[in-house]
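Participant: Could you look at this predicted model? Sequence included:
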Amino acid sequence: CLATLIIMLVGDTYTLINYVSFINYLCYGVTIIGLIVLRWKKPKIFRPIKVNLLIPITYLAFWAFLLVFSLYSEPIVCGVGLIIILTGVPVFFLGVYWRNKPKCVNRLIESTTCWGQKLCFVVYPQCGSAEEE
């Protein structure tokens, strides 16, 4: 969100659309690759919807063409898009991967989550512990 605000202040809307479209193409392709890998490594897992593997493989071929064409035609936009994606790596390590966080960090994460839920009306906020109620 912060990166989007900075880009909106510095660049124009067309550039922002290019960043987002590249990021979307990249995420969709990685999702399809994950689907193919799961179908290959865990064929017996329950799937509510199961399609012929020819469909995701065909989609992946078109995806690869779009991604290579995007990288060839606008490498700087694609590079900035990758940087935007990589800004989530520190958030992942601080919020998910780091298991033994101090209590103050856990309280900060919980209060930020609660604030975000209230701001966006996402889910009913469960701020505080059950003991307080």
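Facilitator: Good, I have the coordinates.
Participant: low-scoring stretches of this protein, by residue?
Facilitator: Applying pLDDT under 70 to the chain flags the ranges 3-4, 7-8, 10-11, 124-133.
Participant: Can you give me the buried ones in the lengthiest helix in it?
Facilitator: In the chain, taking DSSP state H as the definition, the longest helix is helix 13-41. Using 16 or more other CB atoms under 10 Å as the test for burial, helix 13-41 gives 15, 18-19, 22-23, 25-26, 29, 32, 35. C-beta here means a position set from N, CA and C on the backbone, and glycine is covered the same way.
Participant: can you list contacts of stretch 17-32?
Facilitator: If you take CB atoms under 8 Å, 6 or more residues apart in numbering as the criterion, stretch 17-32 is touched by 7, 56, 59-60, 63-64, 66-67, 70, 74, 77-78, 80-82, 84-85.
Participant: Cross the residues you listed against strands and list the overlap.
Facilitator: Nothing among the contacts of stretch 17-32 maps onto strands, per DSSP state E.
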